[in-house]
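>>> Following is a predicted model, sequence given first.
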Amino acid sequence: MVLRIIQGKQGFVFGGPKETILAIDIKNITYKIQIKQLFQREIIITSSINNDYKDLYSVYYSLESLLMLFDGQFYSVSHVFDESNEITESWIKRTLSSRSSADFMIGKYNKLIDFAEVLNANILLKWIGIEYDLDIVNNMIQYCLSSVKMPKDMQLAFMVESFIPICELVFHKNSWKLPSVKKGESKLKKFLLEMINRYGKTIFQKELQIGINIFSQKLVNSRNRISHIKTKSKKDYIKGKENVYYLMKLSLLYRVILFEILGIEKNKYELKLDSIIQTIEQRFTKKFIS
């Protein structure tokens, strides 16, 4: 069985040539995966037996989600074939809206890692396991970074909330003891502080200068304002276009955390991370951040 997917809009050039070939085994089925990239990106997945196409689709969706972490965006699909039959129209109809990236995520500037440098069978299998552990959390974050018609303050609130299970996963994977939360303390704030201090000091340099406690409380207030349906809140929270600014920064934090869990070396992305942060600051700070 063969699934062939071509990504890329007319006039868009991916760059290359690049090619990666790998094979993974899931439930006694071998899946051969080939990614070819030049003007377009072509992904071909072949299974060793004639099984349910849903299994092939599942492998593709996991691969696509991993590539999104590298690229910073989902790419549009132009053609889809199962064997020799084109199924593009039906494929697009059933594609979740979370796999359509928001405008602020789109652009080559947002790419952290070249897939051809790191992608292998071990990384993909690790990711499939992490995806299973994350359960709904990864889907929620994809929605927060998508073009779905949802207020940006709501997307930010859900994104912030997601760092509780993310922190729990990180501590579990590293066999660390979770930080204790005393009576009256905010679990969300404490976990946000842990993740920023461990993985986000480069991303949140400006906020660290202001005071990371103040900033993390501002994120918590933004979550509380939406989840607790509070109007005319007197507490400081993220406002207006700042929501996009911090969605972008938190998306970088999420990606960096997952790279660490996947065992990807920092030297594969740290220079690019600095470049992305500079771009974000240039685009948003002067306009929206006082």
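Sure thing, it's come through.
>>> Name the spans of the stretch 101-250 of the chain whose pLDDT lies under the cut-off.
Within the stretch 101-250 of the chain, the stretches with pLDDT under 70 are 228-233.
>>> cutoff 80 now
Where the stretch 101-250 of the chain drops to pLDDT under 80, the residues are 227-234.
>>> next one: phi and psi at the nearest residue to residue 17 once chain neighbours are set aside?
Counting by Cβ to Cβ, 6 or more residues apart in numbering, residue 38 is the residue found nearest to residue 17 once chain neighbours are left out, at 4.8 Å. Where C-beta positions appear, they are placed from N, C-alpha and C, glycine not excepted. Reported as degrees, to the nearest 10, the phi and psi values for residue 38 are phi -150, psi -100.
>>> Domain parsing of this protein, as residue ranges.
The chain is divided into the following domains under automatic domain parsing: 2-118, 150-288.
>>> of all these, which lies closest to residue 133?
Taking Cβ to Cβ, domain 150-288 is the member of those nearest to residue 133, at 5.8 Å.
>>> Centre of the chain to the closest one, how far?
13 Å (Cα atoms, centre = their mean, to the nearest Å).
>>> what's the answer for stretch 5-24, then?
On the basis of Cα atoms, centre = their mean, stretch 5-24 sits 19 Å off its chain's mean C-alpha point.
>>> And stretch 45-57, by the same measure?
25 Å.
>>> With stretch 93-111 instead?
So, by Cα atoms, centre = their mean, the centroid of stretch 93-111 is 10 Å from its chain's centroid.
>>> Report the separation between the two terminal residues of that stretch.
Using Cα to Cα, to the nearest Å, the end-to-end distance of stretch 93-111 comes to 27 Å.
>>> what's around residue 214, how many residues?
10 (other Cβ atoms under 10 Å).
>>> Give me the phi and psi for it.
Dihedral angles for residue 214 - degrees, to the nearest 10 - are phi -60, psi -40.
>>> and it, what does it touch?
For residue 214, no residue meets the contact criterion (Cβ atoms under 8 Å, 6 or more residues apart in numbering).
>>> State the distance from it to residue 34.
Here residue 214 is placed at a distance of 49 Å from residue 34 (Cβ to Cβ, to the nearest Å).
>>> One more: residue 2?
10 Å.
>>> Residue 222: which element?
Residue 222 is part of helix 212-227, with elements assigned from DSSP states H and E.
>>> right, and the helix or strand after that helix?
Following helix 212-227 in sequence, per DSSP H and E, is helix 242-262.
>>> Show me which positions of the next helix or strand after that next one end up buried.
Using DSSP H and E, the next helix or strand after helix 242-262 towards the C-terminus is helix 270-280. By neighbour count with 16 or more other Cβ atoms under 10 Å, helix 270-280 contains the buried residues 272-273, 276-277, 280.
>>> from those, which single one is nearest residue 178?
Comparing the buried residues of helix 270-280 against residue 178 with Cβ to Cβ places residue 273 closest, at 26.5 Å.
>>> Now do the same contact list for that closest one.
112, 202-203, 252, 256.
>>> Turn those into a markdown table, including neighbour count and distance to residue 51.
Output for those, formatted as a markdown table (neighbours: other Cβ atoms under 10 Å; distance: Cβ to Cβ, whole Å):
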| residue | neighbour count | distance to residue 51 |
| --- | --- | --- |
| 112 | 21 | 34 |
| 202 | 15 | 44 |
| 203 | 23 | 42 |
| 252 | 22 | 37 |
| 256 | 22 | 36 |
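>>> Reformat these as CSV; add distance to residue 174.
CSV is the format used below for the contacts of residue 273 (distance: Cβ to Cβ, whole Å):
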residue, distance to residue 174
112, 21
202, 20
203, 20
252, 20
256, 15
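>>> hang on, the earlier thing: how about the buried residues of helix 270-280 in JSON lines, adding distance to residue 55 and pLDDT?
Below are the buried residues of helix 270-280 laid out as JSON lines (distance: Cβ to Cβ, whole Å; pLDDT from 0 to 100):
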{"residue": "272", "distance to residue 55": "34", "pLDDT": "97"}
{"residue": "273", "distance to residue 55": "35", "pLDDT": "98"}
{"residue": "276", "distance to residue 55": "35", "pLDDT": "97"}
{"residue": "277", "distance to residue 55": "39", "pLDDT": "96"}
{"residue": "280", "distance to residue 55": "38", "pLDDT": "94"}
